[in-house]
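A.B. asks: turn this into a structure:
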Amino acid sequence: MRYYLDTEFNGFGGALISLALVPEYGDHEYYAVLEMHDELDPWVARHVMPYLDAVPPGMVIEALPRETVAREVAFYLGGDSDRVIVADWPEDIALFCSLMVTGPAELALSGGLGFEYISSPGFSTAENSRVPHNALHDARALREFMLQWS
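C.D. replies: Next comes the predicted model:
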């Protein structure tokens, strides 16, 4: 199955702040906020941080250690043998891959995994998101766009 990925990160080349995976079909979504240890980029402080908890009622958001998020993502994707991660920004894929590396020669995720980078001129995830710069809402917007486009 295809999973639409979006991340928020602390400015250009910065640390991962949040990550969302939205399945192509169904409503079993994954969203996590990671613990932050770096000084925030001013743009991120204004445009991302206030919206991290803008999620559906009942979804509890707490900042988690990186290792916990990596294990949760591996568990979330674990039952699917034909996984493809779809993103519209290369840094999202890079941050996802970096998250899965948990130590020297150690990966949180086993088995095969594919990636699809889509270039979508004229489409902006943030402009089509119900809550711009919230990874969950942005991933939903990407899924909606891709399902209409294909």
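A.B. asks: got the buried residues for the helix-or-strand element of the chain with minimal mean pLDDT?
C.D. replies: Counting by mean pLDDT, DSSP states H and E, the chain has its least confident helix or strand at helix 125-128, which shows a mean of 86. Buried positions in helix 125-128, judged by neighbour count with 16 or more other C-beta atoms under 10 Å: T125. Where you see a C-beta, it was placed from the backbone N, CA and C, and this is true even at glycine.
A.B. asks: residues touching the closest residue to A87 other than its chain neighbours, list them.
C.D. replies: Excluding the flanking residues, the one nearest A87 by C-beta to C-beta, 6 or more residues apart in numbering is L5, at 4.5 Å. By C-beta atoms under 8 Å, 6 or more residues apart in numbering, L5 lies in contact with L19, A20, L21, I85, V86, A87, D92, I93, F96, A139, L142.
A.B. asks: cutoff 10 Å now
C.D. replies: 19-22, 30, 85-89, 92-93, 95-96, 115-116, 135, 138-139, 142-143 (C-beta atoms under 10 Å, 6 or more residues apart in numbering).
A.B. asks: so of those residues, which ones are in helices?
C.D. replies: Using DSSP state H, D92, I93, L95, F96, A135, D138, A139, L142, R143 are the members of these that sit in helices.
A.B. asks: picking up where we left off before, PyMOL command to pick out the buried ones of the contacts of L5?
C.D. replies: Of the contacts of L5, the buried ones go into a single PyMOL selection, burial set by 16+ other C-beta under 10 Å:
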select buried, resi 19+20+21+22+30+85+86+87+88+89+92+93+95+96+135+138+139+142+143
